[in-house]
Every structure is written in C-alpha cells, then in structure tokens.
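A.B. asks: Predicted model follows, preceded by the sequence.
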Amino acid sequence: MSDKYLYSPWRLDYILSEKPGDCILCRYQDLGSDEENLIVWRGKTCYAMLNRYPYNNGHIMLVPYQHLKNLSDLPPETLAELGVLAQKSEQALHNAYRCEGINIGLNLGKAAGAGVDEHLHVHVVPRWSGDNNFMSVVNGERVIPEDFRTSFVRLREEFQKLMGKGE
Ligand SMILES: [Zn+2]
C-alpha cells in the first residue's frame, strides 16, 4: 500500500466510516500489497481484483472502497466509476483471454448467493462456449484456474494500457 492512497480525500472518508474488522474485502484493500491481494487496478472510488475462488480464469471483482451493502447505498460517483471499470474489464478480458462471452453480475444478499453480502461487489466472468455454465459451477464443478500470478500480471497490464499509467 503506497502512502498516496492514505492521503486521498475519498480514502479519509473511508477510514472515518464505520467498518467491521471481519470484512474480507475491506481487508484486501487495506492490508498487504496489491500484488498479494491480486488487486489489478485502483480507481478513485473502487478497485478491480482477481477473485481467489474463480468461476473461470480471469474472474474479476469490482469493489467500492466503501463498505456498503446495497446498490442504492452507492454515491453517484462510485456507481459511475463501477460502470467504467466494468467497461474496462470487458476490454481487458477480451484482450487478455480472447473470451467469447462475459457474465457481469451482482449477488445482493445471502439468498442471492453472495459470499460476502455486507460489501457490495460486481463479478465479471469471462466465458467460452463449452466451458462450465453457472449452474455446474454452483454445483461444485470448477475449471482449473491458471495460477493467480499469471492472471494478475496479464490483467494488470491490460488495465494499465486501457486506463493510462494509473493514479
Ligand atoms: Zn467491507
């Protein structure tokens, strides 16, 4: 974690906001290096991170820094940046993986299948015809992921290209 994030105004908002210590997404964004945490891009209000429990190689999660639960809780700026990151993720996944399709979605609430239901995040999952569909994945089948290090390097490069050099 570099110092510049500690002094960004949005980050102060985040630090002052109440957050439970056991939220895994809050921990990833705060503790350890982006490399360890598989964070491929940091924006002003949200970041893009590889999912450690991917449905497919290149499975990205887009996460607001703020610990918020509902789509309707998000400030407009965050919502807008989340949209931009979804767009860039689409391009990055096409470039890096030549995927044939992409699922983008939110699981809001435990009943909807959210693993972390207190901290909203958007799943962006590259798809190929003939890969496992969501149901077979949900039922416990998984494709074998390429190692995270490889995915991380590939996608971080793509994001840097798409977004310019970064913050
Ligand atoms: Zn959180």
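C.D. replies: Structure received.

A.B. asks: now what about the helix or strand that contains Gln91, what contacts it?
C.D. replies: Assigned by DSSP states H and E, Gln91 belongs to helix 76-97. Contact with helix 76-97 is made by 41, 43-46, 48, 57-58, 60, 62, 64, 66, 71, 74, 99, 102, 104, 122, 124, 126, 154-155, 157-159, 161-163, as judged by CB atoms under 8 Å, 6 or more residues apart in numbering. In this view, the C-beta of every residue, glycine as well, is placed from N, C-alpha and C.

A.B. asks: State the next helix or strand along the chain beyond that helix.
C.D. replies: Next along from helix 76-97, by DSSP H and E: strand 101-106.

A.B. asks: which other helices and strands contact that following strand?
C.D. replies: helix 76-97, strand 122-127 (3 or more CB pairs under 8 Å, 6 or more residues apart in numbering; DSSP states H and E).

A.B. asks: ok, back up a step: so the helix holding Gln91 versus strand 122-127, what angle?
C.D. replies: Comparing the axes of helix 76-97 and strand 122-127 via axes from the mean of the first three to the mean of the last three CA atoms, to 10 degrees yields an angle of 20 degrees.

A.B. asks: Please point out which parts of helix 76-97 sit buried.
C.D. replies: Thr78, Glu81, Leu82, Leu85, Ala86, Lys88, Ser89, Glu90, Ala92, Leu93, Ala96, Tyr97 (16 or more other CB atoms under 10 Å).

A.B. asks: Break down this structure into its helices, ranges please.
C.D. replies: Along the chain, counting by DSSP state H, helices occupy 3-6, 9-16, 24-30, 34-37, 76-97, 134-138, 148-163.

A.B. asks: which bits of the protein sit near the ion?
C.D. replies: With the criterion set to CB under 5 Å from the ion, the chain comes near the ion through Cys23, Leu25, Cys26, His67, His119.

A.B. asks: Wait, the fourth one touches Cys23, no?
C.D. replies: Yes - because the distance of 5.9 Å satisfies CB atoms under 8 Å, His67 is recorded as touching Cys23.

A.B. asks: So which residue is smack in the middle of the protein?
C.D. replies: Met61 (2.2 Å; CA atoms, centre = their mean).

A.B. asks: Identify the bridge partners of that residue.
C.D. replies: Met49, His123 (DSSP bridges).

A.B. asks: Please determine how far the closest residue to Val63 other than its chain neighbours is located from Gly164.
C.D. replies: Using CB to CB, 6 or more residues apart in numbering and skipping residues adjacent in sequence, the residue nearest Val63 is His121, 4.4 Å away. Distance, His121 to Gly164, using CB to CB, to the nearest Å: 24 Å.
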